[in-house]
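K.L.:
need a structure here:
(chains A, B and C)
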Amino acid sequence: MRDTLSLLLYLMRLRVRTRLEFRASLVIAWAAQAFGYAGVFASIWLIITRFENIGGWTWPQMALLLGFHTLGYALGACFTLVQLRRMEEIVLGGEFDTLLVRPLNPWAYLVFSGFNIEYGGHVLLGAGLIVWALPQIPIEWDVETSILIFGALLSAALITASMLTMIGACAMILGRARYLFGIYFDFWELSRYPASIFAPAFQIALVSVMPLGYMAYVPVSVLLQRPVAYLGSAAEVAALAAGPISVLAAVVFWRFCLRRYQGGGG
Amino acid sequence: MSAFLALIRASFQREVEHRAKMLVRILGSLVEIVARVSIWQAVFSGHGSMNGITLSQMVTYALIGGTILSSWDATMIVRDVGTTIRTGAIGATLLRPVGYPLMLLAEQLGARFFDWLLISLPVIAIMGFCYGLQLPASFGHGILFVGFLFVSLAVLMLTGILLGLFSFWVFDAHSLEWFMRGALATLSGGLVPIWFFPAGLATVAHVLPFSWITYHPMAVYLGARDLASSALYLVAGGGWVMALGLAVAFVWSRACGQVVVQGG
Amino acid sequence: MASIISAENVSKIFQQRVSQPGVLGAVRGFIAPIKRPVPAVDDITFSIAAGEAVGYLGPNGAGKSTMIKMLTGILAPSAGMVTVLGRQPQAERVANARQIGVVFGQRTQLWWELPLFESFELHRRMYRMPADLFARNRTDLTEMMGLSSFLDRPVRHLSLGQRMRAEIAMALMHDPRILFLDEPTIGLDVVAKDVVRKFLSRINRERGTTIILTTHDLQDIEEICPRLIMVDEGRLLFDGAIGELRSRFGARRRLTLEFVSEPGRVRVAGAELVGGEGRVREFLLADDGRSLVELLAALEADVDLRDVRLHEPGIEEIIRTHYQARAAA
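P.N.:
You can find the predicted model right below:
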């Protein structure tokens, strides 16, 4: 177990070192991606300066929501997005076969050897929004809120990683999977707004089969002591449990697909 | 000219082959429009109208602005150009009879027309049925809107190509693409019309070419301007297209020199 | 010698999706795909002893790679049983992986952006090798494969030949009992092929590493593998020493006689006249091992000989003849 862990950390170090060879381009990439999202967030800010709030959410509250959404996503995506979005090529090109002849879990190899530090911009933007917004919101600080904040961020990272894993795993049985990531991102964009503004069907989907509501909306609502439809008093526990539950689902689904894997690349 | 049309047709056909992808994209577009409309429904619930704009107008703005006139995915063109340059495939394009920027434009137009026909129109029809879609303010506004549609397309494509060509000299295209996304997200009026901007920012956004991508066409469609001033804006947009076209031609000629120097 | 690899009545049947026409068909294909069973490996049985070098041969789509994938734990057989070092490879994938080495000719297992030695270091950690064993193997293999000049160069800058040598060296780093190679010489130039072949047969001889290799190039097999397994359309065609191949497939030697002038009627006892015109006659010989001198002694002709050729079919020719006959049938 310890050996495996140190091997995985070593894989991460190798990837980071590879990426650090081009430091300038890395920093520019951080800035560019943060700027890209900032452009969208600025639009949301513009709406609120004009209309005071979106569905009852003021700008500092909305900033906290966006911060959670961005940071939680970045923490999960840095381990998964780029490498699992490639699953289609990895499977079709036969690279997946080469992973299966190594004495290591292929998912662990992919995830850790593909650890992507390009999310620095996301992390700075997300953390920056949270740090800016928190002091402006009356929160009673105690152990519970701290657990909620860190637990919910971890949960959001796990949800991201699990969902991307499940979509990537589809490549093992379907051959193609890349276009499925598009659906994920459409719902992901939906989940950066307060879910209460959407039709009930979407609200239900976001806290059940498409659990992206737990990325930010549910935990931030709990922090702000706002009611969460359909979850009620279970919202806090649900926010913390959503990550681990989605991990379980992802493990089961990945294994399901791996059992049906028929080999790639002739 | 026939080569140009053939390229448009070829890339159109390539798109047709990806039907499953298309269904997924329609679904995605529907989700995005639901999000936009939901936002406007939420913020208008406390206001009858804002700056003279009603909810029903904003729903139409979201439907058309979020589909035919959207800019987010069009930034892919920057990445395409960057990849062509990085892999050295640009050298081969110099051998073709059609200039590279023109070829690129043809390819992108094929893909874009496909999007309009098979994704945007169904989405507008479905969502219009659900939420209601306003028609152009008058017949004249409708005619002018068609003109604006082409200006919008040209500004978007030319900006993308221009930025893409910069990856000859500066950092990778992927970053340029994100900068373009960020700038266009606000300045095109894609999500939020410039009506709702604070005064200073509104003035700047108004004159930059990006506002011709979504905001000006929609302002005309919804009849926020009379026909005369709409026509004037169309002419100004045409001016921006010319300016961007010249800029692309200039940068491309410099870039060609670069290719020769690199021995590419 | 004890067998370390065995396949007993192994079959692998793939479920191939049948694409359906039209938009509706695409949707239906996504929700409830129609599948057609395609047997890639069909009831194959063989066993390989420790220290053997075996060539696994067949045309494209014959099921070579599928068999290698079952032996290396990538796929499970649909029927029958595969045993490698006493294990079922897919069920105990990781344990199996520790004791085998695998080289894929067309895919790299090296870390593309980093210097070669980093890939070796990663390999050491992945296979949990003791430091002294790693140091010894690294030195030996680097020297045997001539890697030292590019050990610190990023893999992406290596030539295909250099890279393949490095791949093989890495696959052997952890002292695997068995080395599997899928098309190890594909795309290499003549010199690089030669280096790889010499090295593989040396490893097989000196270290006793069992080698299983698939290839298109029969010369690989002739130089490395005393034993040949031939498959076609998923079925086993031949399993035995290369020398036996000739008698099995009835490939006979061919005698060509050229006379100084039109010879008229020509006879060679125990040989069958199969062709020739003008001053040339061709015979197929019975498989009786007669020498050229004996054959000429049996020649009955009125005209003097000008030239004589005795053609021994190479295994490539034997196999090609076989596949052509199959295609014609």
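
K.L.:
what about the residue lying closest to residue B:105 once chain neighbours are set aside, neighbour count?
P.N.:
Sequence neighbours aside, residue B:157 is the residue nearest to residue B:105 in space, at 5.8 Å (criterion: C-beta to C-beta, 6 or more residues apart in numbering or on different chains). Just so you know, the C-beta spots here come from the backbone N, C-alpha and C atoms, and that holds for glycine as well. Number of residues near residue B:157 (other C-beta atoms under 10 Å in any protein chain shown) recorded here: 21.

K.L.:
Which helix or strand contains residue B:157?
P.N.:
Using DSSP states H and E, residue B:157 maps to helix B:139-166.

K.L.:
Report all helices and strands that the lengthiest helix in chain B contacts.
P.N.:
Among the segments of chain B that qualify as a helix by DSSP state H, the longest is helix B:227-262. With contacts taken as 3 or more C-beta pairs under 8 Å, 6 or more residues apart in numbering or on different chains; DSSP states H and E, helix B:227-262 sits against helix B:100-115, helix B:139-166, helix B:215-221.

K.L.:
and those, which is most packed in?
P.N.:
Greatest average neighbour count among the helices and strands packed on helix B:227-262 goes to helix B:215-221 (a mean of 26), per mean count of other C-beta atoms under 10 Å in any protein chain shown.

K.L.:
Could I get the CA-only coordinates of it as PDB?
P.N.:
Taking Å, rounded to 0.1, in the frame of the first residue of the first chain, the C-alpha atoms of helix B:215-221 are listed here in PDB:
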ATOM      1  CA  TYR B 215     -25.600  42.600 -29.100                       C
ATOM      2  CA  HIS B 216     -26.200  44.900 -32.100                       C
ATOM      3  CA  PRO B 217     -27.900  42.200 -34.200                       C
ATOM      4  CA  MET B 218     -30.300  41.500 -31.300                       C
ATOM      5  CA  ALA B 219     -30.900  45.100 -30.600                       C
ATOM      6  CA  VAL B 220     -32.000  45.500 -34.200                       C
ATOM      7  CA  TYR B 221     -34.100  42.300 -34.200                       C
END
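
K.L.:
so does it get close to chain A?
P.N.:
No: judged by C-beta under 8 Å from any C-beta of the partner chain, helix B:215-221 stays clear of chain A, getting no closer than 12.0 Å.

K.L.:
Identify the residues contacting that helix?
P.N.:
Outside of helix B:215-221, the residues within contact range by C-beta atoms under 8 Å, 6 or more residues apart in numbering or on different chains are B:60-61, B:64-65, B:69, B:136-137, B:141-142, B:144-145, B:148-149, B:151-152, B:188-189, B:193-195, B:205, B:225, B:230, B:233-234, B:237.

K.L.:
hang on, the earlier thing: from chain C, how far off is the residue nearest to residue B:105?
P.N.:
Relative to chain C, residue B:157 is positioned 29 Å away (C-beta to the nearest C-beta, to the nearest Å).

K.L.:
Quick check, that residue in contact with residue B:108.
P.N.:
Yes: between residue B:157 and residue B:108 there is a contact under C-beta atoms under 8 Å: 5.4 Å.

K.L.:
List the residues that are in contact with both of these two.
P.N.:
Shared contacts of residue B:157 and residue B:108, counting by C-beta under 8 Å, 6+ apart, come down to B:74, B:77.

K.L.:
ok so, going back, measure how the longest helix of chain B sits relative to helix B:139-166, angle-wise.
P.N.:
Interaxial angle, helix B:227-262 versus helix B:139-166 (axes from the mean of the first three to the mean of the last three C-alpha atoms, to 10 degrees): 20 degrees.
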